[in-house]
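Enquirer: Sequence unavailable; structure follows:
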């Protein structure tokens, strides 16, 4: 007869094993990039132009480019995403239409990143004639992070107790005043968390910017939103696959900067969320 | 003088018939207590008067509710809610300072002058017997007050927008006897200037403060009369049964 | 005046509420607009089942069968690796891990989800690719297998978090009932909780696979990008996504090649749409 306790021990062993199979590689990835990337980091690497066809020098234009793209994406996506979240949380009636909107959000989140690239190319670069530019790239990234911002903001708005809304309305405040003065201020940490997560995602994505903005090698800083720029993830891709004989230090250094940037944003988001939960007054 | 007139009021939430064919009046400057077991429609009735039920998307209404002879559905909803204030069952301070809680309604109605706001905040906190306890800590979060203080803060907050009617939805259900007594004192004093509708689960409270008392059961208005009559010689045996504690 | 301002704001809120529907519609519309132009010159059958992808030869041969098979091979490989590991890890986190470890593991999974795919591709290139090459004595380590392993790591965070949610939301009294009958913890998980959470776990797997099919940069960097029908998992392959990413830069706007890449985009969009809608139905069966 089978011994159920022995079966359990075996099963739990395998479950632990699967967990380790995820966790250990993740740890290794981070450790390798820190170990080999950190020594490459110095002020010059962060603040200088690339030289010798990107085989030496710094990565300043890629950092600046990513900064512009991410700022542009969030400038576009935050207002739309926040208002969409307000609609879902405060105005929608929970009917078929709401269901359809939620389904659209899920789909938007699931569209492959390279398809966003195609879309950005067709709509912004070609149709609107923005060309390959910061504007086209930012808008494409902005649409891509929209579902993240909507979903997290909506959760944040919905977690504000209904009773606060009732109190505000019962005092004669209008619906919008209630949202503006009571609901929004109390949802700010959650909205901030979502926005930062969206920023992190936009900073790390490559495929959507491939044909909409990214420059292969452009050792100067952009002058306007109609300029092309270099970007960190694309730069890493280029020096890993397209340019032969790049010093390993430059590659690891770039990977380190990109990873550090993205993880830093996630860390900040997690800290905000944690602090918010701890300080919650209701 | 008649404040509210209610004719053939019926309310549904989806298929639930919550208020059935209620007709009654609410007089100016009286305290009307509404008693009845839970789920008898008391709170629903109360929330009809300031149209707070409309937040529920499944809400349907028929019949007429008139405030000073005007259909409340034709009144501007913000104006109606300014005239008809509400104090909820649990103390519900907004996540703001004590001062900002009281000033909130006035600010929403467009009052920006800091001097006037300060004056009004003091005045209303005094009316709610809270001023002495909080005058040195107005900038603190309202959540730092005790439960009883919070509930008096909520009363002050409702008074601050100069309502004519104040709806109390079981205002003492979360309070100890001493805090309850303080709130009841405030209620009786408020009668001079306001019309008060008090929903309560506490029959004794109704007998202590109510000028008139209405008894609701399963969404129906069974009986409404002077409080002493209801408690000494009710017309309906169900009323008698309820106030003697036979059910509910 | 205040009334008017609020009126405008509320209309704006309503408009933005529809933004996601509008954008999904716009994406589909523009993919169709550019992609369907291909079928003026090429038949859909030849496109889907043509065995040769030579977009720049004269005349161009635009059959995406090798790309479909490439995507399929890499995806199946990634699914085989990521499903057992992902679901196992979800069970471990939801059921077995002590609360402190649980929080750490969840943070670790979030960390993995946050790593940009280009970084994973880079790490795959410098660690996994030489490893595969040496173990199997191959001329190159840029193979479907390397791609599958790397993609498995991109699917796992999705699978773990959605499946863990599903397990977590199994009503506690199911579990208590099983314990009361004397079942061991594992029997309870296997006989009661997994069946109860099955639709959520299925959705988790689908969403994970959806992530794999759509993934671009990491596959492009480590699968070798040979647009031929693959004969083994140890051969280089090229996926649908990598084809778009690698070739759109060179394709002339308005050329047949350009249209063909958009047509691939339509296929990807339709696949991801189908997966997401189905997964969503599984997740919200009761609504």
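Expert: In hand now; what should we look at? None of these values were measured; they are calculated from a predicted model. Numbering: from 1, shown residues only, chains lettered A, B, ... in the order given.
Enquirer: Helices of the stretch 1-150 of chain A, start to end?
Expert: Ranges of helices in the stretch 1-150 of chain A, per DSSP state H, counting those that start in this stretch, are A:4-37, A:43-47, A:60-86, A:96-110, A:113-120, A:134-158.
Enquirer: Next, the angle from the fifth one to helix A:134-158.
Expert: For helix A:113-120 against helix A:134-158, the angle between stretch directions is 120 degrees (axes from the mean of the first three to the mean of the last three CA atoms, to 10 degrees).
Enquirer: Any chance you could list what contacts helix A:113-120?
Expert: A:136-137, A:139-141, A:143-144, A:205-212, C:26-27, C:30-31, C:34, C:117, C:214-216, C:241, C:244-245, C:248, C:261-262, C:265, C:268-269, C:272 (CB atoms under 8 Å, 6 or more residues apart in numbering or on different chains). Bear in mind the C-beta positions are built from the backbone N, C-alpha and C, glycine included.
Enquirer: Check what pLDDT residue 174 gets.
Expert: Unless you meant another one, I'm taking chain A. For residue A:174, the pLDDT comes out at 92.
Enquirer: Actually, chain B is the one I wanted.
Expert: Predicted confidence (pLDDT) for residue B:174: 77.
Enquirer: what do you get for residue C:4?
Expert: pLDDT, residue C:4: 88.
Enquirer: Check the gap between it and chain A for me.
Expert: In this view, residue C:4 and chain A are 12 Å apart by CB to the nearest CB, to the nearest Å.
Enquirer: before we move on, what about residue B:43?
Expert: 12 Å.
Enquirer: give the contact list for residue 75.
Expert: If you meant another chain, say so; for now it's chain A. A:138, A:142.
Enquirer: My question was about chain B, not that one.
Expert: residue B:67 are the contacts of residue B:75 under CB under 8 Å, 6+ apart.
Enquirer: Do a quick rundown of the helices in chain B.
Expert: Assigned by DSSP state H, the helices in chain B fall at B:42-49, B:77-83, B:98-108, B:114-127, B:131-134, B:147-159, B:177-190, B:203-209, B:227-232, B:237-243.
Enquirer: Next: the stretch 101-250 of chain C.
Expert: Using DSSP H, counting those that start in this stretch, helices in the stretch 101-250 of chain C cover C:117-123, C:129-135, C:144-168, C:172-180, C:185-187, C:194-196, C:198-214, C:217-222, C:240-247.
Enquirer: ok, of these, where does mean pLDDT dip lowest?
Expert: Looking at the helices of the stretch 101-250 of chain C, the bottom one is helix C:172-180 with a mean of 88.
Enquirer: re the thing from before, which of the contacts of helix A:113-120 count as buried?
Expert: With neighbours counted by 16 or more other CB atoms under 10 Å in any protein chain shown, those contain buried members at A:136-137, A:139-141, A:143-144, A:205-212, C:27, C:30-31, C:34, C:117, C:214-216, C:241, C:244-245, C:248, C:261-262, C:265, C:268-269, C:272.
Enquirer: Can you tell me which residues in chain B are near chain C?
Expert: residue B:110 (CB under 8 Å from any CB of the partner chain).
Enquirer: quick one: low-confidence ranges for chain B?
Expert: Across chain B, residues meeting the criterion (pLDDT under 70) sit at B:246-248.
Enquirer: Just want the residue of it that's nearest chain C.
Expert: Nearest to chain C in chain B, going by CB to the nearest CB, is residue B:110, at a distance of 7.7 Å.
Enquirer: Once you drop chain neighbours, what's closest to that residue?
Expert: Once flanking residues are discounted, residue B:110 sits nearest to residue C:2: 7.7 Å by CB to CB, 6 or more residues apart in numbering or on different chains.
Enquirer: just residue B:7 next, same as before
Expert: Using CB to CB, 6+ apart and skipping residues adjacent in sequence, the residue nearest residue B:7 is residue B:64, 4.4 Å away.
Enquirer: tell me, how many neighbours does that neighbour end up with?
Expert: 14 (other CB atoms under 10 Å in any protein chain shown).
Enquirer: isn't it right next to residue B:4, touching?
Expert: No: counting by CB atoms under 8 Å, residue B:64 stays clear of residue B:4, with 10.6 Å between them.
Enquirer: How about the residues of chain C by chain B?
Expert: So chain C meets chain B at residue C:2 (CB under 8 Å from any CB).
Enquirer: Strands along chain C, start to end?
Expert: Secondary structure of chain C (DSSP state E): strands at C:53-54, C:61-62.
Enquirer: Adding mean neighbour count, write the ones you listed out as a markdown table.
Expert: Shown next, in a markdown table, are the strands of chain C (neighbours: other CB atoms under 10 Å in any protein chain shown):
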| stretch | mean neighbour count |
| --- | --- |
| strand C:53-54 | 18 |
| strand C:61-62 | 18 |
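Enquirer: Could I get these in CSV, plus columns for distance to residue B:204 and mean pLDDT?
Expert: Below are the strands of chain C laid out as CSV (distance: least, CB to CB, whole Å; pLDDT from 0 to 100):
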stretch, distance to residue B:204, mean pLDDT
strand C:53-54, 86, 89
strand C:61-62, 86, 88
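Enquirer: Now do the contacts for residue A:252.
Expert: Listed by CB under 8 Å, 6+ apart, the contact set of residue A:252 reads A:33, A:36-37, A:40.
Enquirer: which element is it on?
Expert: Per DSSP states H and E, residue A:252 falls inside helix A:248-279.
Enquirer: so that helix versus helix A:60-86, what angle?
Expert: Following the same axes, to 10 degrees, one obtains 30 degrees for the angle between helix A:248-279 and helix A:60-86.
Enquirer: Give me the buried stretch members for helix A:248-279, please.
Expert: Within helix A:248-279, the residues scored as buried using 16+ other CB under 10 Å are A:250-263, A:265-270, A:272-273, A:276.
Enquirer: okay but residue B:34 is in contact with residue B:42, surely?
Expert: Yes: Residue B:34 lies in contact with residue B:42 (CB under 8 Å); the separation is 4.9 Å.
Enquirer: Find residues that contact each of the two.
Expert: B:199, B:216.
Enquirer: So the nearest residue to residue A:275 once chain neighbours are set aside versus residue C:266, what's the distance?
Expert: Ranked by CB to CB, 6+ apart and with sequence neighbours excluded, the top spatial neighbour of residue A:275 is residue A:189, at 7.4 Å. Distance, residue A:189 to residue C:266, using CB to CB, to the nearest Å: 40 Å.
Enquirer: do the same with residue B:189
Expert: Plainly put, residue B:189 is 74 Å away from residue C:266 if you go by CB to CB.
Enquirer: out of those two, which sits in the more crowded spot?
Expert: residue C:266 (18 against 13).
Enquirer: Run a quick neighbour tally on the one residue in the stretch 1-150 of chain C that gets nearest to chain B.
Expert: Nearest residue of the stretch 1-150 of chain C to chain B (CB to the nearest CB) works out as residue C:2 at 7.7 Å. Using other CB under 10 Å, residue C:2 has 11 other residues around it.
Enquirer: swap in residue B:124?
Expert: The burial count for residue B:124: 24, using other CB under 10 Å.
Enquirer: Please apply the same query to the one 5 residues further on.
Expert: Burial measure for residue B:129: 17 neighbouring residues, criterion other CB under 10 Å.
Enquirer: For the residue lying closest to it once chain neighbours are set aside, which residues are in contact?
Expert: Closest residue in space to residue B:129, ignoring its immediate chain neighbours: residue B:186 at 5.8 Å, by CB to CB, 6+ apart. Residues near residue B:186 by CB under 8 Å, 6+ apart: B:127-129, B:152, B:155.
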